[in-house]
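# Requesting a structural model of the entry that follows:
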Amino acid sequence: MRRSLRFAIATALLAGLVLGTGSVAAANRGHHKILDVPLVGLAVPRTVIAGVTGAGHAWAIDEGNAKLFADGRLLINVEGLVLSPEGTNPVTSGKGVVSCNGGATAADIVSSAVVPLSVPDGDAHVNQWLTLPSPCLNPVIFFTSGTGAWFATSG
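A predicted model of the protein is given here:
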């Protein structure tokens, strides 16, 4: 009886450790950072990268950073995103775009909702969850116009 009781307790403890560890791992999996990269402006108008076409005018950026997490969370911060060489921003909104798998199909390119882009300074912040394609290989992150022409990219 004593031996059976010890065995039952040991089994229960072991099961608790295994299940507890599994659920912690699963809970943390979504917070895994896939990409953490600086952004660069569009030097040559209409440049196509990973299936996304650049805007019709060159853009420069003072500072920009993009982070993509395994759970689809996209964080983008841009400061001083302006027309080049004019140095001002005439656009009032933009969005974050992630292109996976080289942008081979329309389903490989997903975008956030539109966010404000300050005029004339060119500052914006994206903090949204996207439904990424599976798999999402070689992701490239863009900050684009509301219509999807990119101004700044990680690629």
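# Now do the contacts for the closest residue in space to residue 36 that isn't next to it in sequence.
Nearest residue to residue 36 in three dimensions, chain neighbours excluded: residue 67, at 4.9 Å (C-beta to C-beta, 6 or more residues apart in numbering). The way it works is simple: take the backbone N, C-alpha and C, and place the C-beta from them, glycine included. Applying C-beta atoms under 8 Å, 6 or more residues apart in numbering to residue 67 gives the contacts 33, 35, 36, 37, 73, 74, 75, 76.
# what helix or strand does residue 67 sit in?
Using DSSP states H and E, residue 67 maps to strand 63-69.
# Can you list the strands that that strand pairs with?
Paired with strand 63-69 in the same sheet, following DSSP bridges, are strand 33-38 (antiparallel), strand 73-79 (antiparallel).
# Nearest approach to residue 91 belongs to which of those?
strand 73-79 (11.5 Å; C-beta to C-beta).
# same question for the closest one, mean pLDDT?
For strand 73-79, mean pLDDT is 98.
# show me where this protein has strands.
Secondary structure of the chain by DSSP state E: the strands cover 33-38, 40-41, 48-49, 52-53, 59-60, 63-69, 73-79, 82-83, 93-99, 109-111, 115-116, 124-129, 140-144, 150-153.
# what's the neighbour count on residue 76?
A count of nearby residues for residue 76, using other C-beta atoms under 10 Å, gives 27.
# which residue packs closest to residue 32, ignoring adjacent ones?
For residue 32, ignoring the flanking residues on the chain, the nearest one in space by C-beta to C-beta, 6+ apart is residue 70 at 4.3 Å.
# What number of residues are in the vicinity of that neighbour?
Residue 70 has 14 nearby residues by other C-beta under 10 Å.
# cool, residue 125 as well?
Count around residue 125 with other C-beta under 10 Å applied: 13.
# Same question for residue 63.
Counted with other C-beta under 10 Å, the neighbours of residue 63 add up to 12.
# picking up where we left off before, farthest-separated two in the contacts of residue 67?
Most distant of these, by C-beta to C-beta, are 37 and 73, 14.8 Å apart.
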